[in-house]
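Chemist: Model the following, please.
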Amino acid sequence: METATLKQQLKEQIIQFLNLTTFKPEDIKDDQPLFGEGLGLDSIDSLELIALLDRNYGIKINDPKEGRKILVDVNTMVAYIQQHRTK
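Modeler: Numbers count the residues shown, from 1 in each chain. Have a look, this model is predicted:
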């Protein structure tokens, strides 16, 4: 899958999965931090994102340290998906 298409798809999934009804995919920048001052997600959201990766891409993240490296922004998530997806 082309990177731009995957980024768009992932943004749509994040919005749907986390019920971010005030956001549109174009509101989320590829390099915008997902947590803290960026998108403002919290630790519960990180668990939801890990579940999203498992359900939609067959990626299992068991190590919280690994999760922190992956769930930085859309760019890091897409790069990880492209390297590790099983679905």
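
Chemist: buried stuff in the helix or strand encompassing residue 13?
Modeler: According to DSSP states H and E, residue 13 maps onto helix 3-17. Going by neighbour count (16 or more other CB atoms under 10 Å), the buried part of helix 3-17 is 6-7, 10-11, 13-15, 17. Quick note: C-beta positions are derived from backbone N, CA and C, even for glycine.

Chemist: now swap in stretch 18-26 and tell me
Modeler: 18, 20.

Chemist: can you list contacts of the helix holding residue 13?
Modeler: 1, 20-21, 23-25, 28, 30, 34, 48-49, 51-52, 56, 74-75, 77-78, 81-82 (CB atoms under 8 Å, 6 or more residues apart in numbering).

Chemist: cool, stretch 57-73 as well?
Modeler: So stretch 57-73 is contacted by 29-35, 38, 46, 49-50, 53-54, 76-77, 80-81, 84-87 (CB under 8 Å, 6+ apart).

Chemist: now the residue lying closest to residue 23 once chain neighbours are set aside: how far from residue 65?
Modeler: Leaving aside its chain neighbours, residue 23 sits nearest to residue 15 (5.2 Å; criterion: CB to CB, 6 or more residues apart in numbering). According to CB to CB, to the nearest Å, residue 15 and residue 65 sit 27 Å apart.

Chemist: Can you list phi and psi of residue 2 for me?
Modeler: phi -60, psi 140 (degrees, to the nearest 10).

Chemist: burial measure for it, as a count.
Modeler: Residues contacting residue 2 under the criterion other CB atoms under 10 Å number 7.

Chemist: Let's see the pLDDT reported for it.
Modeler: Looking at residue 2, its pLDDT is 94.

Chemist: Next, the contact list for it, please.
Modeler: No contacts exist for residue 2 under CB under 8 Å, 6+ apart.

Chemist: What's the mean pLDDT across stretch 35-49?
Modeler: 92.

Chemist: Would you mind listing the buried residues in that stretch?
Modeler: Buried, per 16+ other CB under 10 Å, within stretch 35-49: 35, 39, 41, 45-46, 49.
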